[in-house]
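Visitor: predicted structure and sequence below. I'll ask about it afterward.
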Amino acid sequence: MKKKHIIWIALLAVIVLILVSTGLFILNETQQAVITRFGKPIRTIVEPGLHFKVPFVDVMHVFDRRFLEWRGESNQVTTKDKRYIWVDTYARWRITDPLLFYKRLYDERGALSRIDDIIDGETRTTIAKHNLIELVRTSNRIPLEDPILDLDAGTLETIRFGREGVSNEIKTNSAKRTLDLGIEVLDFRIKRINYVKEVQATVFERMITERKRIADQYRSEGQGEASRISGERERELKRIQSEAKRTAQEIMGKADAEAAAIYNNAYNQSTASRDFYAFTKTMETYENAFDSSTSIVLSTESDFYKYLKTITPR
């Protein structure tokens with residue numbers, strides 16, 4: 001009899017343990033849950049910790065409390081100024097009302113599908129209201145003046161919104177449409193903008209042509225500057241050569257004048273001085289004119305020979 005009681009007690013304990021283990025659950029800080037009973041929501045749990053549900057009757061649906069990611073597909077969009085572009089986007093969102101989220105979307109897969117429709121639609125609608133320049137630029141900066149690029153302070157078109165303003169408009173409009181879904185759009189950004197393939201070739205060709213024009217203009221200005229520098233160099237060189245030649249002529253003239261004066265003074269001195277001068281100059285001439293291999297025929301009556309015949313051979 002006691003054995004039967006022990007068996008029943010043990011069986012009851014096992015059943016209680018199973019019920020407790022299936023009824024108790026833990027939510028961490030990154031989770032929130034909706035409890036349903038026979039398919040109907042009965043309770044929402046947003047606080048982390050240990051919680052209880054009726055075993056085998058209540059079903060727990062857990063959702064993430066963190067910021068979630070949405071990546072948009074590349075879409076072909078037309079701007080207000082009829083430019084056909086591809087736009088890549090991304091956004092961040094979170095579940096703010098798990099009960100409403102469960103009723104309207106059921107799970108994250110359904111939420112992403114609904115967000116695709118909302119954000120893609122708002123992206124197309126908003127971009128269609130703005131020119132391409134509003135999507136490309138972010139501010140009305142003042143460009144540096146460049147005569148080659150023809151840029152001055154009034155060259156760039158003034159924008160009213162810019163990419164950030166357009167992105168905020170898309171986010172605001174999308175957030176309004178997701179309020180009744182239990183989710184909140186936290187952020188939206190345009191990741192990349194590009195022309196469609198049919199337009200890219202024309203745009204790239206125009207860019208290449210413009211860059212070639214600028215390069216040719218730089219090259220032309222460089223050649224003009226090089227010619228100017230070369231002309232100035234030749235002119236300066238001729239000026240220096242002319243001044244040097246004039247200076248040389250002046251020096252040579254002064255030297256010739258001084259030499260002539262010396263010759264004149266020497267000639268006007270006494271006969272002995274003139275004879276000595278003539279003798280020394282003749283000796284210098286002998287030294288410059290003769291060497292050991294030189295043969296010369298002179299008349300005995302010539303002035304060039306008269307000093308030779310006075311030399312007594314040893």
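Guide: Everything's here; your move.

Visitor: which strands or helices does the longest helix belonging to the chain pack on?
Guide: Among the elements of type helix in the chain, defined by DSSP state H, the one spanning the most residues is helix 197-268. Counting contacts by 3 or more Cβ pairs under 8 Å, 6 or more residues apart in numbering; DSSP states H and E, helix 197-268 packs against helix 271-289. Using the backbone N, CA and C atoms, a C-beta is placed for each residue, glycine as well.

Visitor: tell me the mean pLDDT for the helix it packs on?
Guide: On average, the pLDDT along helix 271-289 is 71.

Visitor: hang on, the earlier thing: what's the angle between the longest helix of the chain and helix 271-289?
Guide: Relative orientation of helix 197-268 versus helix 271-289 (axes from the mean of the first three to the mean of the last three Cα atoms, to 10 degrees): 140 degrees.

Visitor: now helix 197-268: average pLDDT?
Guide: Here the average pLDDT along helix 197-268 is 84.

Visitor: ditto for stretch 25-39
Guide: Across stretch 25-39, the average pLDDT comes to 87.

Visitor: cool, and stretch 129-144?
Guide: Stretch 129-144 shows an average pLDDT of 81 in the prediction.

Visitor: same check, this time on stretch 72-84
Guide: On average, stretch 72-84 scores 86.

Visitor: and that stretch, C-alpha only, in CSV?
Guide: Taking Å, rounded to 0.1, in the frame of the first residue of the first chain, the C-alpha atoms of stretch 72-84 are listed here in CSV:
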residue,chain,number,x,y,z
GLY,A,72,16.0,48.3,-49.5
GLU,A,73,16.4,46.9,-53.0
SER,A,74,17.9,49.1,-55.7
ASN,A,75,15.0,50.9,-57.4
GLN,A,76,14.8,52.9,-60.6
VAL,A,77,13.3,56.2,-59.7
THR,A,78,12.5,59.4,-61.7
THR,A,79,13.3,62.8,-60.3
LYS,A,80,11.3,66.0,-60.7
ASP,A,81,13.7,67.1,-63.5
LYS,A,82,13.2,63.8,-65.4
ARG,A,83,16.4,62.2,-64.4
TYR,A,84,16.3,58.4,-64.3
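
Visitor: need the contact list for His51.
Guide: Leu24, Phe25, Ile26, Leu27, Ala33, Ile45 (Cβ atoms under 8 Å, 6 or more residues apart in numbering).

Visitor: can you select the buried ones from these in ChimeraX?
Guide: Selecting the buried subset of these in ChimeraX, with 16 or more other Cβ atoms under 10 Å as the burial test, is done by:
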select :25,27,33,45
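
Visitor: pick the one among the contacts of His51 closest to Arg246.
Guide: Checking the contacts of His51 against Arg246 with Cβ to Cβ, the nearest one is Leu27 at 104.1 Å.
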